[in-house]
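Colleague: got a structure for you, letters missing:
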């Protein structure tokens with residue numbers, strides 16, 4: 001498929017990995033002056049990213065986050081030399097399940113895309129354009145298509161297998177992975193979500209999950225070891241406990257949790273959940289938030305508490321997460337953190353596999369968009385988040401390829417108003433492609449919404465949300 005000219009395009013993964021290898025050379029603690037000197041010599045795109053991740057209030061957590069991602073990439077690069085299978089998966093596939101295999105390493109398409117968008121000159125646009133040049137329709141998701149467009153050039157890392165939880169939840173996600181699998185004759189391993197969520201549906205999903213387990217055991221050449229699985233799931237349970245501790249800290253008014261911690265949370269969920277690296281990052285985030293509360297170290301007076309009903313924007317961390325904080329707009333959570341993890345019973349192999357299947361059922365997009373009624377499941381989860389976190393507004397990022405959400409967003413917005421009493425701002429654009437809607441336009445619309453809608457709504461006493 002790729003011509004010789006195409007093969008001269010450097011691969012997104014290789015370019016991102018080359019940059020992230022530099023992270024390990026940075027000291028764990030850096031002064032403001034050292035950060036300023038580092039940012040001064042970097043290109044604009046990665047400068048925006050690092051200035052947000054390494055903000056003085058949460059620098060220790062930010063550095064841990066960068067080093068966690070660097071370690072994740074390093075494992076993938078060295079997988080084949082260690083005799084391991086390199087698997088490429090969707091963001092709603094369980095990383096802790098793959099961590100339980102000694103003979104496999106998992107990369108996540110959406111995380112790879114995001115790393116390219118936030119760290120590379122030109123972001124991911126060349127790989128999106130390459131995919132479009134192949135005739136791939138532009139309604140497919142940029143979250144997958146940017147990373148897989150790079151794979152299709154023939155000059156990027158090519159996995160040994162593809163694992164998916166997208167069937168039954170997102171056809172666009174599923175089909176671009178299937179296209180790459182067919183192009184390179186790569187085996188796929190599915191966990192398909194039935195479109196019914198009653199007892200019968202859950203029993204079928206359990207069967208689908210167990211079938212995928214057996215298929216992967218045969219492909220990897222390794223049976224799941226009960227003790228190793230228990231070790232991973234005990235760490236996964238610790239991540240879950242810390243996840244909810246951070247969730248509860250978001251209930252305080254003013255909110256002490258930095259906006260970008262939502263990104264750190266779901267990035268860990270999609271990469272190092274069930275690993276020591278994930279536990280360290282969550283522990284540090286909780287400690288950081290408590291320090292912010294003790295020092296009363298808030299960026300600006302709180303003006304709005306927002307739940308993002310779908311996705312954030314990824315192409316400008318500083319212009320998004322940091323800018324919102326400077327405007328007094330709290331980013332409480334989004335659908336990617338509405339995964340509601342549960343503690344898994346580690347008594348025996350059967351209970352652990354049953355718990356893993358339940359976790360897979362509750363992953364973002366699988367839980368909401370793969371329900372028997374997408375609108376009802378999505379609405380129920382968002383209203384719960386709004387009420388539990390004490391939000392006074394919702395914001396919908398109309399990611400251009402997610403047509404299923406656009407089809408019901410008007411009804412969801414109206415129901416959020418009725419059931420939770422908060423307005424919803426609807427924004428257009430693409431979460432990973434800046435040229436769809438510039439950040440300056442998005443900032444203008446958010447400012448207008450806060451100034452003209454929220455400022456006129458009466459607010460209750462400042463409190464910790466119930």
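Modeller: Arrived safely, thanks for sending. Owing to the predicted nature of the structure, the values given are computational and were not obtained by experimental measurement.

Colleague: please count neighbours and contacts with C-alpha atoms only from this point.
Modeller: Will do.

Colleague: any figure for the gap between residue 213 and residue 358?
Modeller: Residue 213 sits 14 Å away from residue 358, going by C-alpha to C-alpha, to the nearest Å.

Colleague: which residue ranges of the stretch 51-200 of the chain form strands?
Modeller: Here the stretch 51-200 of the chain has its strands, by DSSP state E, counting those that start in this stretch, at 85-89, 104-108, 161-164, 188-190.

Colleague: for residue 15, find the nearest of those.
Modeller: In terms of C-alpha to C-alpha, the element of those nearest to residue 15 is strand 104-108, at 15.3 Å.

Colleague: before we move on, back to that, need the strands of the stretch 51-200 of the chain in JSON lines (columns: mean pLDDT and distance to residue 274).
Modeller: Rendered in JSON lines, the data for the strands of the stretch 51-200 of the chain read as follows (pLDDT from 0 to 100; distance: least, C-alpha to C-alpha, whole Å):
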{"stretch": "strand 85-89", "mean pLDDT": "97", "distance to residue 274": "17"}
{"stretch": "strand 104-108", "mean pLDDT": "98", "distance to residue 274": "13"}
{"stretch": "strand 161-164", "mean pLDDT": "96", "distance to residue 274": "18"}
{"stretch": "strand 188-190", "mean pLDDT": "94", "distance to residue 274": "21"}
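
Colleague: possible to save the ones you listed as JSON lines with distance to residue 134 and mean neighbour count?
Modeller: As requested, those are arranged in JSON lines below (distance: least, C-alpha to C-alpha, whole Å; neighbours: other C-alpha atoms under 10 Å):
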{"stretch": "strand 85-89", "distance to residue 134": "21", "mean neighbour count": "24"}
{"stretch": "strand 104-108", "distance to residue 134": "23", "mean neighbour count": "25"}
{"stretch": "strand 161-164", "distance to residue 134": "21", "mean neighbour count": "22"}
{"stretch": "strand 188-190", "distance to residue 134": "22", "mean neighbour count": "19"}
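
Colleague: turn these into JSON lines, including distance to residue 374.
Modeller: JSON lines is the format used below for these (distance: least, C-alpha to C-alpha, whole Å):
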{"stretch": "strand 85-89", "distance to residue 374": "23"}
{"stretch": "strand 104-108", "distance to residue 374": "24"}
{"stretch": "strand 161-164", "distance to residue 374": "20"}
{"stretch": "strand 188-190", "distance to residue 374": "21"}
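
Colleague: quick one: closest of these to residue 73.
Modeller: Nearest to residue 73 among the strands of the stretch 51-200 of the chain is strand 104-108 (8.0 Å), distances taken as C-alpha to C-alpha.

Colleague: quick one: contacts of the closest one?
Modeller: Outside strand 104-108, the residues that touch it by C-alpha atoms under 8 Å, 6 or more residues apart in numbering are 73, 75-76, 79, 84-91, 95, 98-99, 220, 270-271.

Colleague: ok, now stretch 174-182?
Modeller: 140, 144-145, 148, 151-152, 161-162, 164, 166-167, 186-188.

Colleague: in helices only, show me those residues.
Modeller: Judged by DSSP state H, these include 144-145, 148, 151-152 as members of helices.

Colleague: what residue ranges in this protein score low on pLDDT?
Modeller: Residue ranges of the chain with pLDDT under 70: 1-9, 456-466.

Colleague: mind naming the longest helix for it?
Modeller: Every helix in the chain considered (DSSP H), the longest is helix 226-249.

Colleague: name the helices or strands packed onto that helix?
Modeller: Under the contact definition 3 or more C-alpha pairs under 8 Å, 6 or more residues apart in numbering; DSSP states H and E, helix 226-249 sits against helix 95-99, helix 276-295, helix 349-361.
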